[in-house]
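[1] coords please:
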Amino acid sequence: MSDRVCVGAIAGAFGVRGDVRLKSFCAEPEAIAGYGPLWTEDGSRSFTVTLTGAIKGGLAAKLSGVPTKEAADALRGTRLYADRTALPTLPDDEFYHADLIGLDVRDTGGGDLGRVAAVLNHGAGDLLEVRPKQGKPVLVPFTLAVVPTVDLSAGLVIVDPPEGLFDDGD
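    Numbers count the residues shown, from 1 in each chain. Sure thing, here's the model as predicted:
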């Protein structure tokens, strides 16, 4: 597990005074301001976040060290990371997406199904993108029925896939 977790991204400038459009990846979007300072992925820059309002598709925010619209625009697409120690402790049945990526995936019989490549959510619940050693990636519903066990300490996800989910079409 890494020392930082991605909590948001800068979508561009908002207005002419250096404010940014901020996409929060937090369960409570406004909580992003309390996890600071937030860091760029490479750790080269950090920002204190002051929310200035809710806007369509996200939040308007002032970032420390970003004084102009041009400086805000230059940060478009930058992902923001919080120190793991600043984040709340999750209940046993909840996980940060960053902790799931890279875990080995096995079926209930111990067979190797691949590795978690991404956690996706298109509005109907989380999906694990599992990349098998051969073949195309498989999207697995991240529900208790299909994913009964996640063992972060062992680096393992146990999946009870619906019949045919991991068939390669042969």
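[2] what about Ala72, neighbour count?
    Residues within reach of Ala72, counting by other C-beta atoms under 10 Å, total 24. Where you see a C-beta, it was placed from the backbone N, CA and C, and this is true even at glycine.
[3] that one contacts Ala13, doesn't it?
    Yes - taking contacts as C-beta atoms under 8 Å, Ala72 lies within contact range of Ala13: 3.7 Å.
[4] so what sits against both of these two?
    Asp19, Val20 (C-beta atoms under 8 Å, 6 or more residues apart in numbering).
[5] all strands for the protein, in order.
    Secondary structure of the chain, counting by DSSP state E: strands at 4-13, 20-24, 38-39, 46-47, 49-55, 58-63, 79-83, 104-107, 112-121, 126-131, 138-141, 149-151, 156-159.
[6] now render these as CSV, adding distance to Asp167.
    Formatted as CSV, those follow (distance: least, C-beta to C-beta, whole Å):
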stretch, distance to Asp167
strand 4-13, 33
strand 20-24, 36
strand 38-39, 42
strand 46-47, 47
strand 49-55, 45
strand 58-63, 40
strand 79-83, 35
strand 104-107, 13
strand 112-121, 12
strand 126-131, 13
strand 138-141, 10
strand 149-151, 22
strand 156-159, 14
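[7] I am finished for the moment; much appreciated.
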